[in-house]
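I'll drop the sequence and a predicted model, then ask my questions.
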Amino acid sequence: KKIKIICIIIGIIVVIGGVATGIIIRNKLKEEAANLEIEIPNVVGRNFEEVVAEYAKQGIEVVQDKVEYSSEQPEGNIISQSPEKGAMSREKKVYVVVSKGEKLVEVPDITGKDIKVAKYELENTLGFVVEVEEVVNEKVTAGIIISQDPAKEEKKPYGSVIKLKVSKGDGKAVVLVPSVVGKKEADAKEALEGLKLKVSVKYAEDNSKSNGIVTSQSYPQNHELKEGDMIEITVNKLVITKTVSLDLLELQGGTPLETE
């Protein structure tokens, strides 16, 4: 009996020792595996849920870090990852950004609006890229939008181009009126006509100023006119008089009087 008991005890001790040894070995293998570096796979462009399931079997956890709009990746696909593919890591975690698809924005109706206001709204608020074409239109005030492409209420991807036709009025350039007061008439006309202004001249007498000099103009210096507009200048025109002495006897055929 004693020998049996001793054998049983020894057997139990052996079993316990084997189990303990197995646990120690297993834990050591786990620890070594945990400390083992792995090469990070490339998951960009793949479906997030599929990647999670696939790499979970390999002990790699794929974690969604955030979700963003993307024009390149469809909804549910991975846009980017960290660490990058090919990196060595002990953590066995890959953090990814997942696409929520392309961001679509509804185009507002901006015809009839001022281009400065509309451009700010389209670019800064809605994220569109604005292309402007200026066209001559005498019926629409300069700076007002005449037409748009795409049309209102269409939905376009964020960052799309919107083409606008904007009135530049009658197309005539703005001219700043120079001062021609004090110039000779010919010089004044040349200066004004050189700016594509029409010149009307009127004459008036001013004995305090030189003859043929511009004394006033209908628009002051730096006033804004458009090419082809009329400007009137006033030119000094003195009436020159000459005193003539007539001898009545001579006019009647007589002998002129002798003068001392």
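That came through, no problem. Residues are numbered from 1 along each chain as shown.

Give me the nearest residue to residue 73, chain neighbours excluded.
Distances taken as Cβ to Cβ, 6 or more residues apart in numbering place residue 99 nearest to residue 73, at 3.9 Å, with adjacent residues excluded. For the C-beta atoms, the positions are set from N, CA and C on the backbone; glycine is no exception.

Sketch out the strands for the stretch 151-260 of the chain, chain order is fine.
All strands of the stretch 151-260 of the chain, identified by DSSP state E, counting those that start in this stretch, fall at 155-157, 161-167, 174-176, 198-204, 214-217, 224-226, 230-236.

Rounded mean pLDDT for the first one, please.
Same thing as strand 155-157. Averaging pLDDT along strand 155-157 yields 93.

Counting by contacts, list what that strand packs against.
strand 104-106 (3 or more Cβ pairs under 8 Å, 6 or more residues apart in numbering; DSSP states H and E).

Given the strand it packs on, what are its sheet partners and their directions?
strand 155-157 (antiparallel) (DSSP bridges).

Number of residues surrounding residue 168?
16 (other Cβ atoms under 10 Å).

residues contacting it?
134, 135, 136, 137, 142, 143 (Cβ atoms under 8 Å, 6 or more residues apart in numbering).

just those residues now: which is nearest residue 224?
residue 142 (12.6 Å; Cβ to Cβ).

quick revisit: figure out which of the strands of the stretch 151-260 of the chain is closest to residue 89.
strand 155-157 (35.3 Å).

Now do the SS call for residue 19.
Here residue 19 is helix, with the state taken from DSSP: H, G, I helix; E, B strand; the rest coil.

Pull the number of nearby residues for it.
10.
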